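**Q** Return a 3D structure for these sequence lines:
(chains A and B)
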Amino acid sequence: MKRDPQGRRLFLFLVVVTGFGGLFAVLALPKWDRPPIQSTEWGPPAIAMDTFVALNREPDPLNTRDFPVPEPVEDAGVPASAVYDDVEVLGDLDRAQFDRLQVAITAWVAPDEGCSYCHAEGQDGALDHAAEQPYTFEVARQMLRMVREINAEDAGGHLAPQGVTCFTCHRGENIPAYTWLKAGDWPPPEDRWFQKPPPWIRTATTIREFFPREAFELFILEDNRAAGIQTRAIGPGDGVTVLPRNEPEPDGMPLFTRAENIYLFMMQMSDAMGVNCTFCHNSRVFYDWNQSTPHRVTAWYAIDQTQKINHDHIEPLKDRLPPFRLGPVGDPYKVNCMTCHVSKRKPLDGIPMVEFFPGLVAPG
Amino acid sequence: MSRFHSLYTQIQIRGPADRPIPVPGRDRNGIFGPFFSIWLGRIGDPQIGRSYLGWWGWIAIVTGSISIMIMGFNFWAQADWNTVAFIRGMAWHRLDPPTGDGLYLRPLNQGGWWQWAGLLLTISILAWWMRIYTRAKALGMGTHVSWAFASAIWLYLCIGVLRPLIVGSWEEAPPFGIIPHLNWTATFSVLYGNFYYNPFHCFSIVFLYGSVLLWAMHGGTILGVARFGGEREAEEIVDRGTSQERGALFWRWTMGFNANFESIHRWIYWFAILTGVTGGIGILLTGTVVDNWYLWGVKWGLAPSYPDVYPDMVIPDAINRTSLDP
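**A** This next block holds a predicted model:
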């Protein structure tokens, strides 16, 4: 007779191996955060309106790059427009400061390519300001206008006192590392038999890139507010219902779809700043400003600002950019919260930036 | 000596295969087996089959399969027939309900697929319920299992059929898809002002967690008294033996009261059933009777008010610039 006819030992062995294997997989495969985790409370005591920061987490390489600041220089006493032709944006800036700023911009945006990334070179290798300039020249001009404008306006103090420079987004890259494009569109209903999927980005390599860009298009390209989906009355006909049920939104989008897009947008926003919902909201009632934290005010202005950046400054560049700088539907790489913040509450932990470069603030 | 008091069953009863007995429908539509599996015998009975399909089973399997195929082929087409993308994106694919007012049947590629998939899935589930009901009847059993299953079906119908019928639109029914239907729960909650303040959601959670607790208590008790013959719990309902007495005394010692060997099963049965029943009521009330559960919670003292932490906070003037904001 077999000693162990029902294979008890084998079974026990398999159970133990599976158990340890599972334990090992759970411990080793995901990226865990080692303690300590720093928690900060924003709301009234003991209702868990906290944000958590994993102090030991590997930082994003973009956040470890030093902010290049050239040595300060004495004013030359003449404006740049007196020395150079064709200075549209920075003409009033002192020539010496202008040159210093050019050096800085090169270090911020095209450290490897140098001046010739934006300026045409002559036969002798020197810059040829009279020749036709590469597309980057006009793009850089537009970007300077943008930076000067948002530093000067800065509604709600979203940027103060740090301000923005090219480095805030570019971090030494020609194109900032975190950007978004519109997803390619699906054929119209008459040309397909199946139902349209949400615009997942199927070429994505990370989960962040995978999410639909619809929400970005809605809230930080077009002028829609990421708000107003929660009903404000207890029941139908009870007090003021801002939007009656089953009535389409002004932009024709069903409430439920809009709510989902706001959800996506808010999750991306939280991720971009390394915070969670309760940094700005009391999550029991998202819409109520009276239970929100002041961060929500800043964020509210920030959404406005980002919308302007994309709509007024970046989207118009699509006619100037070469095809290889455009997405599948011919739009330029646009910004979202992540572009500047890179998972930090303040980009580069709020180090002073614009105060070294007065030329980056539009006068008046 | 049988040993039940371990983490897994160490005994396996193996007799000749259970033979058909004259029960209506028995084995006329039988499929599959019988055969024995040592491995399945470790977690249950080693005899597999013979299973009964029957007409209700056929209807359930055919309609269910078509429903799953509709979802699957939509997902596959959405992945551009790329099989790798189809499999990798399995958790993310989605089939949305039609948007807009009206319950009429939409063109297939604009919500019609969802409607057909939903209709066939509903038929499949109801046919499966009939199958369970008729088989219990055939065996002369009570139909308790059917009514417990009906509770889950009730919740499913409330979410996907009854509430859409009441509000006159399919738009807020959940999409088909693994992560999309989970996202639906979050969106639905936020849209209607926080489901946690929905008292029927509260009840549903109580019964759900209560079921878990009761199961742990009952399973633990029976395994604990198995060495005294406690697995014969049904007989010990009236013919109390030492296992019943010890189990009962254990709970009287530890919490002063004990269910008996009969009532514990009613406790668990009703907790399980009420999970679905109360959940369904909570769904039906949402957006019909109550639009914002948070405000409802404030009105009835469920949601406390908190001290104002930022009295000097300046809310942007422009908040009022669109009709969307308060």
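**Q** okay, now the domains of chain A?
**A** A:69-155+A:349-364, A:178-341 (automatic domain parsing).
**Q** tell me how far the last one is from the chain's mean position?
**A** If I follow you right, that is domain A:178-341. The chain centre lies 12 Å from the centre of domain A:178-341; the measure is Cα atoms, centre = their mean, to the nearest Å.
**Q** distance between the ends of it?
**A** In domain A:178-341, first residue to last residue: 10 Å (Cα to Cα, to the nearest Å).
**Q** Within range of chain A, give me the residues from the stretch 51-200 of chain B.
**A** Within the stretch 51-200 of chain B, the positions near chain A by Cβ under 8 Å from any Cβ of the partner chain are B:73-75, B:77-80, B:85, B:89, B:92-96, B:99-101, B:107-111, B:113-114, B:167-169, B:171-172, B:180, B:183, B:186-187, B:190-194, B:196-197. (Glycine included, C-beta is placed from N, CA and C.)
**Q** Please parse chain B into its domains.
**A** Domain assignment for chain B by automatic domain parsing gives B:53-191, B:208-299.
**Q** could you dump those to CSV with mean pLDDT?
**A** Below are the domains of chain B laid out as CSV (pLDDT from 0 to 100):
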stretch, mean pLDDT
domain B:53-191, 93
domain B:208-299, 92
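**Q** one step back: ranking the domains of chain A by mean pLDDT, which is last?
**A** Of all the domains of chain A, domain A:178-341 carries the lowest average pLDDT, namely a mean of 82.
**Q** Which element, helix or strand, includes B:I61?
**A** helix B:54-78 (DSSP states H and E).
**Q** other SSEs contacting that helix?
**A** The criterion is 3 or more Cβ pairs under 8 Å, 6 or more residues apart in numbering or on different chains; DSSP states H and E, and the helices and strands that helix B:54-78 contacts are helix B:83-88, helix B:112-138.
**Q** for that helix, which positions count as buried?
**A** B:54, B:56-57, B:59-60, B:63-64, B:66-67, B:70-72, B:74-78 (16 or more other Cβ atoms under 10 Å in any protein chain shown).
**Q** Other residues contacting it?
**A** Contacts to helix B:54-78, defined as Cβ atoms under 8 Å, 6 or more residues apart in numbering or on different chains, come from residues A:192-197, B:25, B:29, B:53, B:83, B:86, B:89-90, B:93-95, B:113, B:116-118, B:120-121, B:123-125, B:127-128, B:130-131, B:134-135, B:176-177.
**Q** If you go by neighbour count, which of the residues of the stretch 51-200 of chain B next to chain A are buried?
**A** Among these, those buried by neighbour count (16+ other Cβ under 10 Å) are B:74-75, B:77-79, B:85, B:89, B:92-96, B:99, B:108-109, B:111, B:113-114, B:167, B:169, B:171-172, B:180, B:183, B:187, B:190-194, B:196-197.
**Q** Please identify the deepest-packed of the helices and strands packed on helix B:54-78.
**A** helix B:112-138 (a mean of 19; mean count of other Cβ atoms under 10 Å in any protein chain shown).
**Q** quick one: the strand or helix carrying A:L23 to chain centroid distance?
**A** Using DSSP H and E, the element containing A:L23 is helix A:8-28. Put simply, helix A:8-28 sits 43 Å off its chain's centre (Cα atoms, centre = their mean).
**Q** Then stretch A:102-119?
**A** On Cα atoms, centre = their mean, the centre of stretch A:102-119 falls 23 Å from that of its chain.
**Q** Show me where the chain has its strands.
**A** I'll assume chain A. Ranges of strands in chain A, per DSSP state E, are A:37-41, A:50-54.
**Q** hmm, I had chain B in mind actually
**A** Under DSSP E, chain B gives strands at B:30-31, B:35-36, B:47-48, B:51-52.
**Q** I'd like to know which elements the third one is packed against.
**A** Spelled out, that is strand B:47-48. Contact analysis of strand B:47-48 by 3+ Cβ pairs under 8 Å, 6+ apart lists strand B:35-36 as its packing neighbours.
**Q** hmm, try it at 10 Å
**A** Applying 3 or more Cβ pairs under 10 Å, 6 or more residues apart in numbering or on different chains; DSSP states H and E, we find strand B:47-48 packed against strand B:35-36, helix B:38-41.
**Q** Over to the last one?
**A** On a contact count with 3+ Cβ pairs under 10 Å, 6+ apart, strand B:51-52 meets strand B:30-31, helix B:112-138.
**Q** rerun at 8 Å
**A** Using 3+ Cβ pairs under 8 Å, 6+ apart, strand B:51-52 sits against strand B:30-31.
**Q** Paired strands for the strand it packs on, with orientation please.
**A** According to DSSP bridges, strand B:30-31 forms sheet pairs with strand B:51-52 (antiparallel).
**Q** re the thing from before, what's the offset of the helix holding B:I61 from the middle of its chain?
**A** That offset, for helix B:54-78, works out to 20 Å (Cα atoms, centre = their mean).
**Q** With stretch B:206-224 instead?
**A** 17 Å.
**Q** Same question for stretch B:288-308.
**A** Between the centre of stretch B:288-308 and the centre of its host chain there is 28 Å, according to Cα atoms, centre = their mean.
**Q** In the stretch 101-250 of chain A, which residue sits closest to chain B?
**A** Residue nearest to chain B within the stretch 101-250 of chain A (Cβ to the nearest Cβ): A:G228, separated by 3.0 Å.
**Q** Look up how far B:L191 lies from that residue.
**A** Using Cβ to Cβ, to the nearest Å, A:G228 is found at 11 Å from B:L191.
**Q** Now do the contacts for the closest residue in space to A:L101 that isn't next to it in sequence.
**A** Leaving aside its sequence neighbours, A:L101 sits nearest to A:G359 (Cβ to Cβ, 6 or more residues apart in numbering or on different chains; 4.9 Å). A:G359 sits next to A:L90, A:L93, A:Q97, A:F98, A:L101, A:R148 when contact means Cβ under 8 Å, 6+ apart.
**Q** I'd like the residues you listed as JSON lines, with neighbour count appended.
**A** Shown next, in JSON lines, are the contacts of A:G359 (neighbours: other Cβ atoms under 10 Å in any protein chain shown):
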{"residue": "A:L90", "neighbour count": "21"}
{"residue": "A:L93", "neighbour count": "22"}
{"residue": "A:Q97", "neighbour count": "20"}
{"residue": "A:F98", "neighbour count": "22"}
{"residue": "A:L101", "neighbour count": "23"}
{"residue": "A:R148", "neighbour count": "19"}
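**Q** and those, which of them are in helices?
**A** With DSSP state H as the criterion, helices contain A:Q97, A:F98, A:L101, A:R148 from among those.
**Q** and the residue in the stretch 1-150 of chain A that chain B sits nearest to, what are its phi and psi?
**A** The nearest approach of the stretch 1-150 of chain A to chain B comes at A:P44, 4.1 Å away (Cβ to the nearest Cβ). Here is the backbone geometry of A:P44 (degrees, to the nearest 10): phi -60, psi 160.
**Q** From A:Q38, how far off is it?
**A** Taking Cβ to Cβ, one finds A:P44 at 20 Å from A:Q38.
**Q** Tell me which of these two has more neighbours.
**A** Remark: of A:P44 and A:Q38, A:P44 carries more neighbours, 15 against 11, as counted by other Cβ atoms under 10 Å in any protein chain shown.
**Q** got a list of what the more buried one touches?
**A** The contact partners of A:P44, by Cβ under 8 Å, 6+ apart, come to B:Y306, B:P307, B:V309.
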